[in-house]
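Colleague: Pasting the sequence and the predicted model now:
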Amino acid sequence: MKILLATDGSEFSERAAAFLTCIPWSREDSIIVFHAIYALPFREDDAFYVSQLAAIKKELAPRILDSAVAILKSVKANVSVEIEEGPLNRCAPEQCIIEAADKMDADLIALGSRGTKGIGSVFLGSVARMVAISATRPVLVVKPPVQINSHKLKILFATDGSPCSRATTDLLTAIPFSKDTHITVLQVLTSGFADIPEQYVSEVNERVKVFAEKIKESECADSDRTMEETLKRLRTGFSGIASLVKKGDPAEEILKTAEEADVDLIVVGSRGLRGIKGVLGSVSRNVLTHAKCPVLIGKTGPCAAS
């Protein structure tokens with residue numbers, strides 16, 4: 001498996017590197033530590049300052065890479081470094097990361113949830129979000145704090161039976177997690193009548209009630225098939241598996257379950273059954289925004305299992 005670890009030298013990037021050490025990679029895996037040198041947007045007549053800043057960033061780049069490589073020294077994967085020096089007028093690090101991942105044919109992009117503080121924070125704060133939204137490849141966003149105590153990771157995988165969820169299942173089995181890793185598969189059932197205000201439910205006539213029951217029966221049958229298929233596919237890579245079905249708002253239930261179970265990683269597909277191709281769905285977007293632990297966003301694009 002090939003992982004692109006994007007780093008800007010911040011503590012958030014270093015936590016992303018530390019999280020990767022929780023996975024027992026082999027010699028067949030490779031981690032490319034990637035750093036992009038880009039320019040902050042000055043006025044056109046400030047070309048001198050832009051060039052000076054670029055020179056400083058170029059000087060610091062090797063040290064930034066060395067710091068991440070030092071964190072990864074315990075992993076068995078093949079670790080290499082790459083620096084991307086963009087045009088002086090380019091100020092979009094997420095573009096550099098996505099293009100580099102495509103060029104390297106990476107199976108996974110990993111990065112911290114925030115960038116450096118100070119003058120660049122207004123531009124860097126949204127990098128992880130933009131990469132998660134725009135990349136065609138799976139994205140691992142690591143959020144602080146990250147406790148690196150053991151390889152016994154607890155994962156919560158939310159599935160809805162969509163093609164993206166199936167692709168994310170394959171991604172999970174492709175990542176060489178430790179045998180001690182425990183995964184809980186969560187499915188959240190939502191009703192097509194969920195948007196009817198509760199005070200009006202009693203007024204729904206018998207015809208609609210009968211229709212609602214049929215919809216409910218169909219949803220339960222679909223849920224059983226989805227869960228059975230997901231568990232079957234996951235058993236090829238995990239021994240400790242549990243299943244859980246809840247009702248309600250998907251994002252709320254995922255976040256609530258993750259906090260109650262104190263999981264180390266939330267895994268969701270990039271979009272649900274009603275999503276638009278290439279767009280990060282509202283569920284995964286809300287989970288990514290509000291989760292207190294790292295989030296792995298699966299995609300229907302390139303991955304190791306495809």
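Modeller: Cool, the structure landed. As the structure is a prediction and not an experimental result, all values here were calculated from the model.

Colleague: going forward, measure contacts and count neighbours with C-alpha atoms only.
Modeller: Fine.

Colleague: Show the residue spans covered by the strands in the stretch 1-150 of the chain.
Modeller: 2-6, 30-37, 78-85, 108-112, 139-142 (DSSP state E, counting those that start in this stretch).

Colleague: now for the first one, which elements pack on it?
Modeller: Which is strand 2-6. In terms of contacts (3 or more Cα pairs under 8 Å, 6 or more residues apart in numbering; DSSP states H and E), strand 2-6 is packed against helix 11-20, strand 30-37, strand 108-112.

Colleague: With the second one instead?
Modeller: In terms of contacts (3+ Cα pairs under 8 Å, 6+ apart), strand 30-37 is packed against strand 2-6, helix 47-71, strand 78-85, helix 93-104.

Colleague: quick one: which of the ones you listed is nearest residue 18?
Modeller: Nearest of the helices and strands packed on strand 30-37 to residue 18, taken as Cα to Cα: helix 47-71 at 6.2 Å.

Colleague: Going by neighbour count, which residues of the closest one are buried?
Modeller: By neighbour count with 16 or more other Cα atoms under 10 Å, helix 47-71 contains the buried residues 50, 53-54, 57-58, 61, 64-65, 68-69, 71.

Colleague: Which elements pack onto that helix?
Modeller: On a contact count with 3+ Cα pairs under 8 Å, 6+ apart, helix 47-71 meets helix 11-20, strand 30-37, strand 78-85.

Colleague: Can you list the neighbours in contact with the last one?
Modeller: Contacts with strand 78-85, where a contact means Cα atoms under 8 Å, 6 or more residues apart in numbering, come from 27-38, 61, 65, 69, 72, 96.

Colleague: ditto for stretch 294-301
Modeller: With Cα under 8 Å, 6+ apart as the test, stretch 294-301 has contacts from 132, 136-144, 163-165, 167-168, 171, 264-270, 284, 287-288.

Colleague: chain center to it: distance?
Modeller: Counting by Cα atoms, centre = their mean, to the nearest Å, stretch 294-301 is centred 4 Å from the centre of its parent chain.

Colleague: what's near enough to touch residue 68?
Modeller: 7, 9, 13-14, 17, 33.

Colleague: Turn those residues into JSON lines, including distance to residue 254.
Modeller: Shown next, in JSON lines, are these (distance: Cα to Cα, whole Å):
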{"residue": "7", "distance to residue 254": "28"}
{"residue": "9", "distance to residue 254": "31"}
{"residue": "13", "distance to residue 254": "25"}
{"residue": "14", "distance to residue 254": "26"}
{"residue": "17", "distance to residue 254": "25"}
{"residue": "33", "distance to residue 254": "31"}
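
Colleague: quick one: which of those is nearest residue 183?
Modeller: In terms of Cα to Cα, no member of those lies closer to residue 183 than residue 17, at 21.8 Å.

Colleague: Would you agree that closest one is in contact with residue 74?
Modeller: No: if you go by Cα atoms under 8 Å, residue 17 and residue 74 don't touch, sitting 11.2 Å apart.
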